[in-house]
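Participant: Starting from these lines, generate the structure:
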Amino acid sequence: MSQAAVTVDILVGSSQDSFWNSVTAILKGYYPYQLKKFSDPSDMLDEDEATFDPLLALVDGQAGFDVTNEWVQSTKMKYPKARVIVLHAFQQPLDFNVLRKNGCDEIMHISFDREFISDMVLQLAPIEMTGDHIPITALMPVDLRDLDSEVEINFDVFVHLPANHRSVLIRKKGGLVEEKQLEKFHSLKQQMYIRKTEMKAFFEYARQVLTLRNGQFPISMTEKFHRTKKSIYEIMTQFFNNAPTDFQEGRIITEKCKGIIAELELCKDMNTDELAKEIFRYAGNSRSNYHDCICLAAYGAFFAQLLGWNAEKRENIAMAGLLHNIGLSQMHPTTAEKDFKQYTPEEKDQFHLYPDRSVIMVKSKKVPLNVETSEAIGQHRELCNGSGFPKKLNQQTMSDVSKLLSFAFRFHELTALQDKMQAATPLQALALLKENAVQGSGDVDLISATQIFKKLKA
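Facilitator: Here you go, the predicted structure:
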């Protein structure tokens, strides 16, 4: 591995070893970062600035507001040029508005926002990494349709090998990505990646590609996805903020959700072939909290249109998809390091409460959702045979929108990439869900499964 000569100091402020463990796990492999932990603000204030000059501080927000605020103020006093990120958990509510006034740049949930933390760290403390061991979290997948074999790239292109934990450079900036290579990646359902620090360069390239193709709105799907994830992050931040709230905040959240639905054209009228292409495009990506929000909103809206539902019901199910998993933020941060199979019985019990908690959190911010959408959020993990959670509802007691969102969730589970698991193709997943329903497993609605499978298979 080629090591960069330039290093960047990062301050880690916390009295807890568990916080240090979480931070080092998130930034594992980011070798230019030189992390130094301080257990108390007074220790930091005594540090020699000649030997340690942090560009960024990661502060533990899990010890309560007063301790967190002291860390933020002390850090800005000692290192006024350092950017500050507070990493918090739901167990200790924080008033984000006060922390920002005192110099905090970002407040992020240490487990729910996990995929976005590395993005923010790289944005506030940019570094360059080379070699074959660049962490996958330092790279960003791009939509292959945004690439063109005749346009010179102004960024490096990588492929990730999960089995070997390697990210291999396959094309250097200044070259071309050949058509045969694009076709190969398309056929194998593989992804190409770029450095997150070269995101801006890629967006400029993609706009050039779309302009040459006479695109009416030259905004790439990669850029749309990134902007959508950023919007979801902003929405979730409003839920996590313990500052006083009013109905205006609820309306802002609603409008942001509707903006995402419009940006991704989830409720646009399409024919069956167009819907199939959209559904297939969302499949095969890695799961994460934010990606689950996007995919569940997309699959719900697209399946609803295949079934002939009207525009209002399609928007309702898309809204439910975007907000379905916010209740996961109330899980203990340590569960972020575990697979569900490794959960203790108590952790599994807590996990089964997340749909109800999602509904409660949405209502607490006075988001004006109708009954149909609220029910779908609370029931998206129920199954038609009564074996789901949190209330073990069944075919007769689940709402129609809930049954379809539950179907969309099962489809997403089967088609998304997960560690050590081979994802099913969309048609394989639909065939499996239909066959299970026909044989009487009853976990998804038989009529919906059969109709959707027939339309997409045709």
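Participant: Mind checking what helix or strand follows the longest helix along the chain in sequence?
Facilitator: Scanning the chain for the helix with the most residues, using DSSP state H, yields helix 221-240. Next along the chain after helix 221-240, taking DSSP states H and E as the criterion, comes helix 247-263.
Participant: Next, the buried residues of that next one.
Facilitator: 249-250, 253-254, 256-257, 260-261 (16 or more other Cβ atoms under 10 Å). C-beta coordinates here come from the backbone N, C-alpha and C atoms, glycine included.
Participant: Lys200: which of those residues is nearest?
Facilitator: Closest approach between the buried residues of helix 247-263 and Lys200, by Cβ to Cβ: Ile260, at 21.5 Å.
Participant: to the chain's geometric centre, what's the distance from the longest helix of the chain?
Facilitator: 8 Å (Cα atoms, centre = their mean, to the nearest Å).
Participant: Show me where the stretch 151-300 of the chain has its strands.
Facilitator: Counting by DSSP state E, counting those that start in this stretch, the stretch 151-300 of the chain has strands at residues 157-161, 166-171, 192-195.
Participant: Packed most tightly, which of those would that be?
Facilitator: strand 192-195 (a mean of 22; mean count of other Cβ atoms under 10 Å).
Participant: Roughly how far does Glu263 sit from Gly103?
Facilitator: Glu263 is 32 Å from Gly103, where distance means Cβ to Cβ, to the nearest Å.
Participant: hey, where'd the helices end up in the stretch 301-450 of the chain?
Facilitator: 311-323, 345-351, 354-364, 371-379, 400-415, 426-438, 446-457 (DSSP state H, counting those that start in this stretch).
Participant: Next, format these as TSV and append distance to Ala304.
Facilitator: Formatted as TSV, the entries for these read as follows, by distance: least, Cβ to Cβ, whole Å:
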stretch	distance to Ala304
helix 311-323	5
helix 345-351	27
helix 354-364	19
helix 371-379	11
helix 400-415	6
helix 426-438	15
helix 446-457	10
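Participant: residues in contact with the nearest residue to Arg287 once chain neighbours are set aside?
Facilitator: Closest residue to Arg287 apart from its sequence neighbours, by Cβ to Cβ, 6 or more residues apart in numbering: Ala416 at 4.5 Å. Residues in contact with Ala416 (Cβ atoms under 8 Å, 6 or more residues apart in numbering) are 283-287, 291, 295, 423.
Participant: Kindly report the same for Gly175.
Facilitator: Counting by Cβ under 8 Å, 6+ apart, Gly175 touches 152-153.
Participant: Ramachandran angles for it?
Facilitator: phi -110, psi -160 (degrees, to the nearest 10).
Participant: Which helix or strand contains Ala57?
Facilitator: strand 56-60.
Participant: Who are the packing partners of the very next helix or strand once past that strand?
Facilitator: As assigned by DSSP H and E, the chain's next helix or strand after strand 56-60 is helix 65-78. For helix 65-78, the elements it packs on are strand 8-13, helix 41-45, strand 56-60, strand 83-88, helix 96-101, judged by 3 or more Cβ pairs under 8 Å, 6 or more residues apart in numbering; DSSP states H and E.
Participant: looking at the helices of the stretch 301-450 of the chain, which is closest to Leu393?
Facilitator: helix 371-379 (6.1 Å).
Participant: Quick one: the strands of the stretch 151-300 of the chain as CSV, columns for mean pLDDT and distance to Tyr205 too.
Facilitator: Converted to CSV, those look like this (pLDDT from 0 to 100; distance: least, Cβ to Cβ, whole Å):
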stretch, mean pLDDT, distance to Tyr205
strand 157-161, 90, 11
strand 166-171, 91, 12
strand 192-195, 94, 10
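Participant: Just put those strands in a markdown table and tack on distance to Ile10.
Facilitator: As requested, the strands of the stretch 151-300 of the chain are exported to a markdown table (distance: least, Cβ to Cβ, whole Å):
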| stretch | distance to Ile10 |
| --- | --- |
| strand 157-161 | 24 |
| strand 166-171 | 22 |
| strand 192-195 | 19 |
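Participant: still on that earlier bit, can you say which of the helices of the stretch 301-450 of the chain is nearest to Phe52?
Facilitator: Of all the helices of the stretch 301-450 of the chain, it is helix 345-351 that lies closest to Phe52, at 37.7 Å by Cβ to Cβ.
Participant: Fine by me, we can end here.
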